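K.L.:
how would this look folded up:
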Amino acid sequence: MIQLSPTPRIETDRLVLRAPAAGDWPHWRDFMSTDRARFVRDGDFDEGKVWRAFGHVIGHWVMRGWGMFAITAKGDDTPIGMAGPWFPAGWPEREIGWTIWSGAAEGRGLAREAAVAARDHAFGTLGWDTAVSYVDARNTRSIALAERLGATLDDTAKAPASDRPCLVFRHPAGSSKGAA
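P.N.:
Next up is the predicted model:
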């Protein structure tokens, strides 16, 4: 697999978090073309915008030295989503983000498992002392996940500029190991 920037590989009980790769593009595109992507996609599906968004994910690693990881099941390199630290230019704060691309992967605790590993990486390896998650106010599944991760609604925190209503969840400081 060709990589633009060296990235860590994180393993959990069931998952591998690895660098996003060019071969992940069709899976991202397919996810972004569905209604399941409505909370992360701006407007209707536009392949050009989706292509640039995926380039943004890969480029983040090059420009920051860290970024979102592709999530795969152990033993299968097919990406089922993404999770990780995120801080593009213009973002008010560093974020822990997640998406599950495959409907078949939902409801199995995989997003939580990946988000815990990504948050441990951000607080441990990257040395972060705080992080938020920006969640569309209509995304009940991600709101529930943020709460399961121990993050609390922070009404004082600024959200990224958007026409969509966004909630800001503040993660507990330090390692997330053992978060319920």
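
K.L.:
contacting residues around the helix or strand bottoming out on mean pLDDT in the chain?
P.N.:
Least confident helix or strand of the chain, by mean pLDDT, DSSP states H and E, is helix 47-64 with a mean of 92. Helix 47-64 has contacts (CB atoms under 8 Å, 6 or more residues apart in numbering) with 4-5, 7, 19-20, 22, 24-25, 28-29, 32-33, 41-42, 66-68, 82, 86-88. The C-beta positions use only the backbone N, C-alpha and C, and glycine is treated the same way.

K.L.:
how close does D136 get to R38?
P.N.:
Distance of D136 to R38, given as CB to CB, to the nearest Å: 8 Å.

K.L.:
same question, A117
P.N.:
26 Å.

K.L.:
how about W98?
P.N.:
Taking CB to CB, one finds W98 at 15 Å from R38.

K.L.:
looking at those two, which has the bigger crowd around it?
P.N.:
Taking other CB atoms under 10 Å, W98 and R38 do not tie; W98 has more neighbours (27 against 15).

K.L.:
where does the residue nearest to the more buried one when sequence neighbours are not counted sit: helix, strand or coil?
P.N.:
Spatial nearest neighbour of W98, chain neighbours left out: A83 (4.1 Å); criterion: CB to CB, 6 or more residues apart in numbering. Under DSSP: H, G, I helix; E, B strand; the rest coil, the three-state class of A83 is strand.

K.L.:
swap in L17?
P.N.:
Applying three-state DSSP: L17 is strand.

K.L.:
bridged to it, which residues?
P.N.:
Beta bridges link L17 to I10, I71 when assigned by DSSP bridges.

K.L.:
for the residue lying farthest from the centre of the chain, what are its contacts?
P.N.:
Computed with CA atoms, centre = their mean, the residue of the chain farthest from its C-alpha average is T156, at 22.4 Å. Contacts for T156 (CB under 8 Å, 6+ apart) come out as none.

K.L.:
that one: what secondary structure?
P.N.:
Going by three-state DSSP: T156 is coil.

K.L.:
next one: it, what pLDDT does it get?
P.N.:
Looking at T156, its pLDDT reads 95.

K.L.:
likewise for M1?
P.N.:
On pLDDT, M1 comes in at 54.

K.L.:
go on, D35?
P.N.:
For D35, pLDDT reads 89.

K.L.:
phi first, then psi, for it.
P.N.:
With angles defined as degrees, to the nearest 10, D35 sits at phi -70, psi -20.

K.L.:
cool, and G75?
P.N.:
According to degrees, to the nearest 10, G75 has phi 90, psi 0.

K.L.:
what is the neighbour count of it?
P.N.:
G75: 7 neighbours (other CB under 10 Å).

K.L.:
quick check: the gap between P165 and E95.
P.N.:
17 Å.
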